[in-house]
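> Using only what follows, build the 3D model:
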Amino acid sequence: MPAFLDLLAKTPDLLALGEPTHGESAFLQLRNDAFLSLAEHGYRSIAVESDRAAGLIADEFVQGGAEVSLERALSEGFSHEFGTIPANRDLLLRMREWNTGRPAAERLTFHGFDAPLELANVPSPRRHLTRVCDFLGLDRSAEIDALIGDEARWSDPAAIWEPGRSVGRSTDARDLRVLADDLRTELYLRAPWKSAGWPAAFVHATSAIAVLRYHAAAAAPLAQEERFVRLAAVRDALMAENLLAIRSAEAHRGPTLVFGHNTHLQRHPSTMTLAGTEVSWAGAGAIVASLLGDRYAVIVGSLGASPALGIGAPAASTYEGRLQQETDLPRYVLASDIGPAERRTHDYRYFPLDRATIEHADAVLHVPTGVDAAVLADRIVALPGVEQVVASAENGSPEAAWGDRFFFVGPDRRQPFATIVEHDVPGFDEAAQLDRPGVFRLNLDLGRDEFERLFGFPPKAFEDHRDEFDFARLDTLTPHPGYALHGFASIVLPGPHLLPEIDRLLAVAHARAVDRAARRAARQQQ
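As a prediction, this is how the structure comes out:
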């Protein structure tokens with residue numbers, strides 16, 4: 001059983017795992033491992049902070065449908081550009097692999113729980129209303145087009161902050177809300193004869209109503225600070241509605257893991273300082289917790305440092321500083337075991353822990369540091385006798401390799417025992433998709449014996465097994481797609497939870513390099 005479940009008083013129906021910031025991949029990589037581990041113990045669904053209607057497309061891929069490619073699932077199945085995040089690619093692939101050959105009751109389902117909008121970027125409900133009409137076989141396109149009119153008047157960002165420019169309380173918007181509500185009623189009326197595809201159509205009907213509710217809130221004649229709070233509260237209310245609907249749909253199959261920002265998932269009200277005034281509102285977690293009680297549990301995320309976000313190590317006196325004094329690895333901590341400390345400065349890249357967040361959580365997931373190329377390089381250079389060479393124009397390296405790192409023992413520079421590369425080599429090494437933002441790969445010379453121990457076949461047999469590996473997957477040790485025949489293995493964007501295994505593999509590669517250097521020196525002395 002996953003260790004963090006032991007920290008909970010009981011198994012919840014809805015387990016929330018929060019991240020304190022968007023942009024630190026470590027939390028999503030840990031989320032993936034947590035969810036697949038939970039799947040072994042009866043969890044059958046995950047809900048992420050992304051558009052619920054878009055999530056229907058991602059779930060088609062997860063269910064194994066041939067109609068939706070991975071590329072489409074990522075480009076259309078996520079909102080907020082979350083489909084570009086490598087860990088979300090891995091999540092969909094791992095869920096699809098789990099589902100292969102399993103009965104419906106054991107299959108994993110992907111959900112988004114956000115509304116189809118950004119805080120200041122809200123479309124019209126056209127596409128959602130059209131999808132519902134298509135499902136019902138109704139032609140209401142002329143009526144919908146007439147009421148929506150110019151799409152720009154809906155998507156205008158200024159309309160969110162200037163009530164007079166908002167279309168949200170116009171006669172057209174009110175008529176559209178009636179139309180959307182009538183269509184949702186029609187879905188119920190026809191459910192006995194149109195059950196196939198009904199849940200997806202209902203999601204689109206709900207999304208249309210959600211968009212219209214948000215536009216109505218944007219049209220309210222409120223002062224700027226009040227407007228922000230009202231819009232944030234409405235969005236969280238829409239998230240809560242989606243979470244409860246998802247939970248209702250999944251109740252007969254097993255518990256659900258929900259993943260999103262701490263501020264959306266925490267039990268207590270969300271707060272923010274605007275124009276020197278602290279404002280607060282009930283987030284989705286606060287709403288859901290009030291309705292589900294102990295059937296809702298929260299593990300909030302905590303972060304030490306993030307090279308990717310430019311966040312340095314915390315002061316030792318802060319909550320984060322104290323949490324990483326015992327280990328440099330991610331860990332789950334019972335919230336009640338965390339004593340008083342100082343609150344870290346809030347700079348809007350990271351929402352730090354405070355006493356209220358801890359007191360209203362069941363546990364905390366603390367990540368001491370994200371891992372980037374420099375973090376790994378520091379660990380490698382710390383090994384005895386290691387020198388690092390960074391490819392650049394000055395040392396004559398080809399431009400395509402600039403920034404890649406090569407690690408050697410001894411004066412001979414012919415064979416590195418480890419490399420960290422951040423670029424594909426067109427026509428030779430593209431399988432890892434290293435040109436994705438923030439992605440790099442650690443390569444290690446493990447030799448024939450360790451290679452065969454890890455993969456079950458010797459390096460010379462690699463080509464017979466090439467198709468067994470996804471070389472672009474994160475956190476996964478694979479043969480090197482180009483140099484496996486020479487005993488090299490690779491890990492793409494390893495998360496901090498893999499650092500002990502990386503240290504072990506580095507020791508193997510380093511020992512081989514030391515032995516080569518010693519033998520070379522002995523030959524030169526003969």
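> Run a quick neighbour tally on residue 445.
Neighbourhood size, residue 445 [other CB atoms under 10 Å]: 25. Bear in mind the C-beta positions are built from the backbone N, C-alpha and C, glycine included.
> Please apply the same query to residue 442.
25.
> ok, now residue 46?
Neighbour number of residue 46 under other CB under 10 Å is 30.
> list the contacts for it?
35, 91, 95, 108-111, 256-259 (CB atoms under 8 Å, 6 or more residues apart in numbering).
> Report the secondary structure state of it.
Here residue 46 takes the strand state, with states given by DSSP: H, G, I helix; E, B strand; the rest coil.
> quick check, residue 326 in a strand?
No: counting by three-state DSSP, residue 326 is not found in a strand; it is coil.
> Need the per-residue pLDDT for it.
At residue 326, the pLDDT value in this model is 83.
> So which of the contacts of residue 46 are in strands?
Among those, the ones falling in strands (DSSP state E) are 109-111, 256-259.
> got JSON lines for those residues, with distance to residue 389 too?
Converted to JSON lines, the ones in strands among the contacts of residue 46 look like this (distance: CB to CB, whole Å):
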{"residue": "109", "distance to residue 389": "48"}
{"residue": "110", "distance to residue 389": "43"}
{"residue": "111", "distance to residue 389": "47"}
{"residue": "256", "distance to residue 389": "49"}
{"residue": "257", "distance to residue 389": "43"}
{"residue": "258", "distance to residue 389": "45"}
{"residue": "259", "distance to residue 389": "40"}
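> of all those residues, which comes closest to residue 235?
Among the ones in strands among the contacts of residue 46, residue 258 lies closest to residue 235 (CB to CB), at 15.6 Å.
> Next up, the contacts around the nearest residue to that closest one once chain neighbours are set aside.
If the residues on either side of it in the chain are set aside, residue 258 comes closest to residue 47, at 4.5 Å by CB to CB, 6 or more residues apart in numbering. Residue 47 makes contact with 111-113, 242-243, 246, 256-259 under the criterion CB under 8 Å, 6+ apart.
> Now with 6 Å, please.
Contact analysis of residue 47 by CB atoms under 6 Å, 6 or more residues apart in numbering lists 111, 113, 246, 256, 258.
> okay, the ones in strands among the contacts of residue 46 in CSV with neighbour count and pLDDT next?
Putting the ones in strands among the contacts of residue 46 into CSV (neighbours: other CB atoms under 10 Å; pLDDT from 0 to 100) gives the following:
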residue, neighbour count, pLDDT
109, 21, 98
110, 26, 98
111, 24, 98
256, 25, 98
257, 21, 98
258, 27, 98
259, 25, 98
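> Quickly note the distance from the nearest residue to residue 451 once chain neighbours are set aside to residue 454.
Of all residues not flanking residue 451 in the chain, residue 487 sits nearest, at 4.7 Å (CB to CB, 6+ apart). Residue 487 sits 10 Å away from residue 454, taking CB to CB, to the nearest Å as the criterion.
> Let's verify residue 434: helix, strand, or coil?
coil.
> Next up, phi/psi of the closest residue to it other than its chain neighbours, please.
Distances taken as CB to CB, 6+ apart put residue 424 closest to residue 434, at 4.9 Å, once the chain neighbours are dropped. Phi and psi for residue 424, reported as degrees, to the nearest 10, are phi -70, psi 160.
> what ranges do the strands span in the stretch 51-200 of the chain?
109-114 (DSSP state E, counting those that start in this stretch).
> and residue 207, what pLDDT?
According to the model, residue 207 scores 98 on pLDDT.
> So which of residue 487 and residue 454 has more stuff around it?
Taking other CB under 10 Å, residue 487 and residue 454 do not tie; residue 487 has more neighbours (23 against 15).
> just checking, next helix/strand downstream of the longest strand along the chain?
Ordering each strand of the chain by length in residues (DSSP E) puts strand 296-305 first. Per DSSP states H and E, strand 296-305 leads on to helix 319-323 as the next helix or strand towards the C-terminus.
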